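Asker: Fold the stuff below for me.
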Amino acid sequence: MINFKEDEYLNKLNHSCAHMMAQAIKHLWPEVKFWVGPVIDTGFYYDVDLGDKVITDEDIEAISKEMKKISKDGKRIVRNEISKKDALEQFKDDPYKLDLIERMDEESTVISTYTQGDFTDLCRGPHVDSVKECKYFKLIKFSGAYWKGDVNNKVLQRIYGVCFPTEEELNAYLEELEEAKNRDHRKLGKELNIFMTHDLVGKGLPMYLPNGYIIWEELENYIKGKEKKLGYKHVLTPPLGNVELYKTSGHWDHYQENMFPKMEVEGEEFVLRPMNCPHHMMIYANDIHSYRDLPLRIGEIARDCRFEASGALKGIERVRSFCQNDAHLFVTPEQIESEFKSVVDLILEVYNELGIKDYHFELSLRDKEDKVKYYPDDDMWNNAEDTLRKVLNDIGISYVEKIGEAAFYGPKLDVQVRPAVGNEYTLSTCQLDFCLPMKFDLKYVDRDGEKKTPVVLHRAILGSIDRFIAYYLEETKGALPTWLSPVQTNILPVNNEYHLEYATKVYEALQMEDIRVELDKREEKVGYRMRESVMRKIPFTLILGQKEVENETISYRKYGSEETITVPLNEFIATLKETIKNHK
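Answerer: Residues are numbered from 1 along each chain as shown. Got it, this is the predicted structure:
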């Protein structure tokens, strides 16, 4: 979808429209006070203080109507530069604007206002020439927002909107929003009984219902099966650790803002782990290793906890507790290229099997000017980045370099997917790490008898399984492939009196083949049950009537098709098993 912040004209247009909305609100409620109205990736918003009033849908209609009137007047938008003293005087009745002005340094900041007709707002701009350009807009939603994002401050009213140069572009975008709403994994998750959340459990702590756990378990078995064939050894480690563990790894210094607060028990300090690498370092250190033991590939479907601001939480895509398809590969320097290539090959194999096509590779490097975020060892960083760049070039992977996106301990290769809705994000990753093995003093005995430090590849193929399920639900609109579907086949006897016995026989035959099957024997019309099966997005729905009973066949419809196909039962079972085997 469009990013309004990145498009220069859309940025100006939406910022101007935010001012026009503020002007309309001022006309309707003259006592209103204003905080800020920035452009965001998805349009614009303005935070306003309306006293005790809470915005309603009817108010949004009234604001929109007033905005249309203002845009028809076509007033020019005029910029003025003023002194800090004049700004304080001009906005003396608005405490929110005074807060902004008082923090401005007149020596380094040009203070400006923008005026359109009877409305003036503090702003650095830029804006379009006239409010007439803002006539194709839509107010999207509204919510409460703490002033400055601080829960100790007053809740302001936040109103979101979008604006486009033409009516056609606006309508096209609104259609995209509607499509995004229908694909939203939170909506699908509720409709298909996949997961739930509840504030009593805690924000950002989803719980998987039986349907969701089936999907989860299938994905876990799928990726662990592939890893086992590649020689991975799977482990199980606790979801918390001693604070000293994270001080040793460096996470305490470089990642603490993303971690939950420490807990003290019997004189020991613990923290919920944000990632699994320190635990896996300790597993490696538990034994003596020879170069013949390497590469050692340690894998885990591991529970992690990270603090996410409540405003960033989103279903199972952004959560505070999640499971990673994690692994750490302990290798000699000579094995880096072959092992890294093996990880990339696995990523490509999984993406091909699961139908993931819209993605690209990014090489995430450190920002050399940032002396705080990254582990301070220039030689280590130069060696790691040059090694990774060489590997990628040698295996012929096309990539773009991203400065400042590396982990604190090393560079990484990120696979960015472009989902059906929303902005792209990282799904898979592989990180090269010379740092943690040194910090944990890990060793192996080389062929010359000397102790040397291994190199570690951190990698995740499905990434967070939670986020992967969210991604896949939205990609498929909830119509998951048969192998992942909680219910793979639904059986509908046309009339229980005559057809239930045969339907039960078919049900038992499918169960014997480990096919997830339901028998819908409710006393409802078959058309009603068929529609419900479609709403549940079940891949195969069987309709069994007198003809099927007499011929010992089954008739089925695939989800998304109106065609009814009749085949012998054993042929249907063979087709279904082949479909599942091929991850279709």
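Asker: Tell me how far stretch 522-533 lies from the chain's centre.
Answerer: Distance of stretch 522-533 from its chain centroid, counting by CA atoms, centre = their mean, to the nearest Å, is 36 Å.
Asker: So Q116 versus S555, what's the distance?
Answerer: 66 Å (CB to CB, to the nearest Å). From N, CA and C alone the C-beta is placed, and that goes for glycine too.
Asker: Which one of these two is surrounded by more residues?
Answerer: Legend: neighbour count by other CB atoms under 10 Å for Q116 and S555, higher for Q116 (22 against 19).
Asker: Quick check on that one: phi, psi?
Answerer: phi -140, psi 110 (degrees, to the nearest 10).
Asker: so what's it up against?
Answerer: Taking CB atoms under 8 Å, 6 or more residues apart in numbering, we find Q116 in contact with 19-20, 23, 70, 75-78, 131.
Asker: Near the residue nearest to D121 when sequence neighbours are not counted, how many other residues are there?
Answerer: Leaving aside its chain neighbours, D121 sits nearest to H19 (5.3 Å; criterion: CB to CB, 6 or more residues apart in numbering). A count of neighbours around H19, defined by other CB under 10 Å, yields 26.
Asker: cool, the one 4 residues further on as well?
Answerer: Q23: 21 surrounding residues under other CB under 10 Å.
Asker: what is the rounded mean pLDDT of the helix or strand hosting it?
Answerer: Using DSSP states H and E, Q23 sits within helix 8-28. For helix 8-28, the mean pLDDT works out to 95.
Asker: Which element is encountered next along the chain beyond it?
Answerer: strand 33-34.
Asker: how about the residue nearest to D121, what does it touch?
Answerer: H19 neighbours (CB under 8 Å, 6+ apart): 37, 77, 114, 116, 119, 121, 123, 127.
Asker: For the stretch 301-450 of the chain, which residues score under the pLDDT cut-off?
Answerer: 371-373, 375-377 (pLDDT under 70).
Asker: what ranges do the strands span in it?
Answerer: 321-331, 359-365, 399-403, 412-417, 425-433, 444-445 (DSSP state E, counting those that start in this stretch).
Asker: and if you look at the stretch 151-300 of the chain?
Answerer: 155-164, 195-196, 207-208, 233-234, 240-242, 263-265, 268-272, 296-305.
Asker: Point out the most buried one among the ones you listed.
Answerer: For the strands of the stretch 151-300 of the chain, the largest average neighbour count (mean count of other CB atoms under 10 Å) is found in strand 155-164, namely a mean of 22.
Asker: Run the angle between that strand and helix 8-28 for me.
Answerer: For strand 155-164 against helix 8-28, the angle by axes from the mean of the first three to the mean of the last three CA atoms, to 10 degrees is 130 degrees.
Asker: For strand 155-164, name the packing helices and strands.
Answerer: Under the contact definition 3 or more CB pairs under 8 Å, 6 or more residues apart in numbering; DSSP states H and E, strand 155-164 sits against helix 8-28, strand 43-49, strand 136-146, helix 167-183.
Asker: Walk me through the domains of this structure.
Answerer: Listed by automatic domain parsing, the domain ranges of the chain are 8-183, 213-237+273-476, 489-581.
Asker: quick one: E102 and L88 touch, right?
Answerer: Yes. Counting by CB atoms under 8 Å, E102 touches L88, with 7.4 Å between them.
Asker: So between those two, which is more surrounded?
Answerer: L88 (16 against 10).
Asker: Distance of the closest residue to G161 other than its chain neighbours relative to M104?
Answerer: Setting aside the residues directly before and after it, G161 is nearest to L139 in space (CB to CB, 6+ apart), at 4.5 Å. Taking CB to CB as the criterion, L139 is separated from M104 by 30 Å.
Asker: Looking at these two, which one has more neighbours?
Answerer: When L139 and M104 are compared on other CB under 10 Å, the one with more neighbours turns out to be L139, at 21 against 15.
Asker: So that one sits against A24, correct?
Answerer: No. Using CB under 8 Å as the test, L139 is too far from A24 to be in contact (9.9 Å).
Asker: Quick check: neighbours shared by the two?
Answerer: I63.
Asker: ok so, going back, and the strands of the stretch 301-450 of the chain as JSON lines, adding mean neighbour count and distance to L240?
Answerer: Below are the strands of the stretch 301-450 of the chain laid out as JSON lines (neighbours: other CB atoms under 10 Å; distance: least, CB to CB, whole Å):
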{"stretch": "strand 321-331", "mean neighbour count": "23", "distance to L240": "12"}
{"stretch": "strand 359-365", "mean neighbour count": "18", "distance to L240": "28"}
{"stretch": "strand 399-403", "mean neighbour count": "13", "distance to L240": "32"}
{"stretch": "strand 412-417", "mean neighbour count": "21", "distance to L240": "25"}
{"stretch": "strand 425-433", "mean neighbour count": "22", "distance to L240": "22"}
{"stretch": "strand 444-445", "mean neighbour count": "18", "distance to L240": "29"}
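Asker: Let's have these in CSV, adding distance to E548.
Answerer: Compiled in CSV, these are given as follows (distance: least, CB to CB, whole Å):
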stretch, distance to E548
strand 321-331, 42
strand 359-365, 44
strand 399-403, 54
strand 412-417, 43
strand 425-433, 43
strand 444-445, 64
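Asker: out of those strands, nearest to D199?
Answerer: Evaluated over these, closeness to D199 peaks at strand 321-331, with 14.7 Å, by CB to CB.
Asker: The closest one pairs with which strands, parallel or anti?
Answerer: strand 296-305 (antiparallel), strand 455-464 (antiparallel) (DSSP bridges).
Asker: what angle sits between it and strand 425-433?
Answerer: Using the same axes, to 10 degrees: strand 321-331 against strand 425-433 is 30 degrees.
Asker: and strand 321-331, how far from the chain's centre?
Answerer: 18 Å.
Asker: Could you do stretch 444-461 as well?
Answerer: 33 Å.
Asker: so what's the residue lying closest to D358 once chain neighbours are set aside up against?
Answerer: Leaving aside its sequence neighbours, D358 sits nearest to R418 (CB to CB, 6+ apart; 4.3 Å). Residues in contact with R418, defined by CB under 8 Å, 6+ apart, are 358-359, 424.
Asker: now the strands paired with strand 321-331 in a markdown table, with distance to G410?
Answerer: What follows is those, written out as a markdown table (distance: least, CB to CB, whole Å):
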| stretch | distance to G410 |
| --- | --- |
| strand 296-305 | 17 |
| strand 455-464 | 8 |
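Asker: tell me, what residue is most central in the chain?
Answerer: E317 (4.0 Å; CA atoms, centre = their mean).
Asker: what's the closest of the contacts of Q116 to M282?
Answerer: Of these, the one sitting nearest to M282 (CB to CB) turns out to be H19, at 56.5 Å.
Asker: Can you name every helix or strand that the lowest-mean-pLDDT helix or strand in the chain contacts?
Answerer: Ranking every helix and strand in the chain by mean pLDDT, DSSP states H and E puts helix 378-395 at the bottom, with a mean of 81. Counting contacts by 3+ CB pairs under 8 Å, 6+ apart, helix 378-395 packs against helix 336-354, strand 359-365, strand 412-417, strand 425-433.
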